[in-house]
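Enquirer: what follows is a protein structure lacking sequence information:
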């Protein structure tokens with residue numbers, strides 16, 4: 001599964017139904033997506049209790065019911081290293097996301113200036129005007145299709161491990177090998193890993209490979 005949301009919703013539903021228990025497919029989708037979101041936030045350095053991530057599907061259904069209210073699924077937390085930097089995750093539900101949807105979400109945020117980032121989880125799509133209306137948030141806004149989040153791509157057995165370098169680590173790397181930033185291998189800002197970690201252009205990722213085929217080695221990628 002890639003992060004571009006190419007999987008058909010019906011196919012996903014059929015896939016999930018093959019191993020789902022007696023609960024609803026809808027609640028299972030929300031459970032998987034929210035779990036991945038929590039893992040993603042934790043990997044980005046946000047404060048996320050392990051108890052939330054380790055919630056089981058039956059426990060999730062006990063809390064949110066067979067047809068979860070998307071407003072109750074929202075996540076609000078802050079960076080461990082800088083509590084003043086907060087993020088809000090909003091599940092938009094199955095409807096088309098219009099300007100009115102964005103305005104409603106905006107009206108529910110008491111202090112927009114306190115948010116450094118917002119993540120919107122959509123099941124349909126954003127209209128063109130709705131995309132432009134995201135400017136009302138005055139912060140970075142990321143959008144993910146719910147199908148992008150049914151599996152945590154960083155946990156795939158064939159995926160190498162990634163670690164985002166700090167600005168000082170990046171500077172040290174360039175100095176050590178006498179390189180300029182443009183000489184590093186590139187990674188698109190739209191890449192699945194870039195999106196997972198919320199990376200910006202210019203950030204550098206350390207990529208660690210292990211395995212019989214790839215052998216153990218390290219490389220670096222600069223987001224562009």
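Expert: The structure has been received and is ready for your questions. Here the structure is a predicted model, which means the values were calculated and not measured. Numbering: from 1, shown residues only.
Enquirer: care to break the chain down by domain?
Expert: Annotated domains of the chain cover 9-153, 157-223 [automatic domain parsing].
Enquirer: most packed of those?
Expert: The highest mean neighbour count among those, using mean count of other Cβ atoms under 10 Å, belongs to domain 9-153: a mean of 16. C-beta coordinates here come from the backbone N, C-alpha and C atoms, glycine included.
Enquirer: just how off-centre is that domain within its chain?
Expert: Relative to the chain's own centre, domain 9-153 is displaced by 9 Å; criterion: Cα atoms, centre = their mean, to the nearest Å.
Enquirer: going by residue numbers, what spans are helices in this protein?
Expert: Secondary structure of the chain, counting by DSSP state H: helices at 9-17, 25-43, 50-53, 57-64, 99-107, 128-133, 167-176, 192-197.
Enquirer: is residue 36 in contact with residue 150, as I believe?
Expert: Yes - applying Cβ atoms under 8 Å, one finds residue 36 in contact with residue 150, separated by 7.2 Å.
Enquirer: okay if I get the domains of the chain as a markdown table plus mean pLDDT?
Expert: A markdown table is the format used below for the domains of the chain (pLDDT from 0 to 100):
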| stretch | mean pLDDT |
| --- | --- |
| domain 9-153 | 90 |
| domain 157-223 | 90 |
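Enquirer: residue 71: which of the helices of the chain is closest?
Expert: Taking Cβ to Cβ, helix 99-107 is the member of those nearest to residue 71, at 9.8 Å.
Enquirer: for that closest one, packing partners?
Expert: Packing partners of helix 99-107 (3 or more Cβ pairs under 8 Å, 6 or more residues apart in numbering; DSSP states H and E): helix 128-133.
Enquirer: give me that answer again for 10 Å
Expert: The helices and strands touching helix 99-107, judged by 3 or more Cβ pairs under 10 Å, 6 or more residues apart in numbering; DSSP states H and E, are strand 86-91, strand 115-122, helix 128-133.
Enquirer: can you lay out the ones you listed as a markdown table showing distance to residue 169?
Expert: Listed next are those as a markdown table, based on distance: least, Cβ to Cβ, whole Å:
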| stretch | distance to residue 169 |
| --- | --- |
| strand 86-91 | 23 |
| strand 115-122 | 22 |
| helix 128-133 | 34 |
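Enquirer: tabulate the helices of the chain in TSV, adding columns for distance to residue 114.
Expert: Listed next are the helices of the chain as TSV, based on distance: least, Cβ to Cβ, whole Å:
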stretch	distance to residue 114
helix 9-17	34
helix 25-43	17
helix 50-53	21
helix 57-64	26
helix 99-107	13
helix 128-133	20
helix 167-176	24
helix 192-197	22
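Enquirer: what's the closest of those helices to residue 139?
Expert: Nearest of these (Cβ to Cβ): helix 99-107, 11.1 Å.
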